[in-house]
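>>> Fold the following and give me the result.
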Amino acid sequence: MSITVQPAIEDGKIKNISVEVEFPSQKRDLTFYDGLDKPRVSSDLPSTYRGLFYLVSFKPSKVVMARDVLGSKPVYYNNRLEISSFRKFVENHLEVMPGEYVEIGYDGEIIKQSLTDFSDVFKKQEFDRRDVEERIISSLKSVKVGNACISFSGGVDSSLLAAFYDVPLIAVTASKDERERIEDSARKIGKDVEIFEFDEEVVAEELRNIVNAIETTNPLQVSIAIPIYLAIKFAKNLGFNEVIFGQGADELFGGYKRYENVVGKNLEKAIVEDVRNLGQNNLIRDTKISYHLQMKMITPFLHFDIIESALSIPANLKVRREGGTVTRKYFLRELARKFIPVEVAYKEKKAIQYSTKTYSILEKLAKKSRKSIPEFLREL
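Here you go, the predicted model:
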């Protein structure tokens with residue numbers, strides 16, 4: 001659950017605090033956090049700290065809470081100052097918003113509140129191809145990993161990460177075809193990969209846990225969550241406590257299929273909006289899974305220097321149209337081919353919920369229950 005706080009307050013004063021804090025969250029005195037190198041309680045934290053984080057700190061007269069501008073790590077609270085990474089532990093919850101810094105007195109009244117916008121952190125930059133490539137490479141190299149493995153799909157994102165981090169590769173899938181593609185990519189980059197091939201029975205057994213972890217029954221979110229949950233659990237069972245994922249690459253470098261139907265300024269706008277909404281659309285789901293399983297997720301592409309650099313890349317270098325052919329993630333593929341075989345850098349793959357067959361498994365499970373997928377998930 002990462003963090004759950006139940007304070008005892010009388011007459012606007014705190015008497016004691018009951019806190020459950022689990023890996024990967026950390027504790028220093030009465031400050032609880034994840035993603036920060038060192039806990040620093042300051043109102044400018046969301047605007048100056050260049051990373052994904054949350055912070056909750058108990059002071060003599062107030063509680064301080066803050067999140068990064070992408071809102072990657074959820075924090076919920078109420079006027080009784082119950083606080084948690086999960087909504088279910090906080091009755092009548094409010095949410096610390098992305099980029100928010102808030103101070104609340106023990107009487108439940110807000111003392112100070114400020115909001116840092118995405119554009120305040122990620123400044124518009126002129127595009128210089130060599131500089132962008134160097135910043136991306138330098139940022140990837142700077143990421144520190146411990147007892148980690150890479151969640152490997154065989155595509156350009158995870159293959160590029162495998163070139164930078166000398167750690168084992170793992171994969172999960174319900175598709176024999178995808179298993180062969182994963183093994184082929186691993187072989188071409190000179191790595192071994194350990195694969196957990198799941199089936200309908202495994203999904204049925206874990207589905208309630210997955211829905212409880214991500215706190216939504218949205219079919220798309222659940223279908224994406226299944227392979228992520230199974231990958232993190234597989235890594236944990238293998239003895240790792242960190243998993244490296246390629247999250248963010250599709251948004252930053254133009255990887256989604258829908259981008260093929262958008263051009264010019266509209267494409268630029270769509271990509272920026274997807275980056276802005278990374279937390280709400282993807283990272284909160286993934287963070288809740290990692291917190292539920294008490295594992296650390298490492299997302300190298302979401303290093304803030306990479307985000308800032310990627311936002312300067314022209315949209316036509318992300319989604320390249322040439323001779324009737326559309327190449328998504330063109331810039332990233334061209335960079336990746338300097339480190340991995342070109343056939344791996346340019347290998348196409350479907351979205352995770354389709355490549356792993358999790359969406360089709362959900363359809364089958366719902367059909368057996370004679371319900372639609374939304375009805376089936378709501379009744380779990």
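
>>> Return the residues in contact with residue 22.
1, 2, 3, 291, 294 (CB atoms under 8 Å, 6 or more residues apart in numbering). Glycine gets a C-beta too; all of them are placed from N, C-alpha and C.

>>> can you rerun that using 6 Å?
Counting by CB atoms under 6 Å, 6 or more residues apart in numbering, residue 22 touches 2, 294.

>>> now residue 291
Contacts of residue 291 by CB under 6 Å, 6+ apart are 2, 85.

>>> and it, that's in a helix?
Yes. Under DSSP: H, G, I helix; E, B strand; the rest coil, residue 291 falls within a helix.

>>> For the stretch 201-350 of the chain, which segments count as strands?
Taking DSSP state E, counting those that start in this stretch as the test, the strands found in the stretch 201-350 of the chain are 242-244, 296-298, 319-322, 325-328.

>>> tell me which residues in the third one are buried?
It refers to strand 319-322. 319, 320 (16 or more other CB atoms under 10 Å).

>>> That strand - what's its average pLDDT?
The average pLDDT within strand 319-322 is 94.

>>> Tell me the strands beside that strand, with direction?
As defined by DSSP bridges, the strand partners of strand 319-322 come to strand 325-328 (antiparallel).

>>> Same question for the second one.
Taking DSSP bridges as the criterion, strand 296-298 forms sheet pairs with strand 242-244 (parallel).

>>> center of this protein, which residue is that?
residue 283 (3.3 Å; CA atoms, centre = their mean).

>>> so who does that one touch?
Counting by CB under 6 Å, 6+ apart, residue 283 has contacts residue 72.

>>> any idea how far residue 289 is from it?
From residue 283 over to residue 289 the distance is 11 Å, taken as CB to CB, to the nearest Å.

>>> how many other residues sit next to residue 325?
7 (other CB atoms under 10 Å).

>>> follow-up on the earlier one: can you redo the strands of the stretch 201-350 of the chain as CSV with distance to residue 117?
Compiled in CSV, the strands of the stretch 201-350 of the chain are given as follows (distance: least, CB to CB, whole Å):
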stretch, distance to residue 117
strand 242-244, 29
strand 296-298, 25
strand 319-322, 26
strand 325-328, 28
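
>>> so which of those strands gets nearest residue 218?
With CB to CB as the criterion, residue 218 lies closest to strand 296-298 of these, at 20.2 Å.

>>> and the closest one, what's its mean pLDDT?
Strand 296-298 comes out at a mean pLDDT of 98.

>>> Ok, which of the strands of the stretch 201-350 of the chain comes nearest residue 40?
Of all these, strand 296-298 comes closest under CB to CB, at 20.4 Å.

>>> can you list contacts of that closest one?
So strand 296-298 is contacted by 24, 242, 243, 244, 245, 290 (CB under 6 Å, 6+ apart).

>>> for the stretch 1-150 of the chain, which spans come out with low pLDDT?
For the stretch 1-150 of the chain, the stretches with pLDDT under 70 are 1, 12-14.
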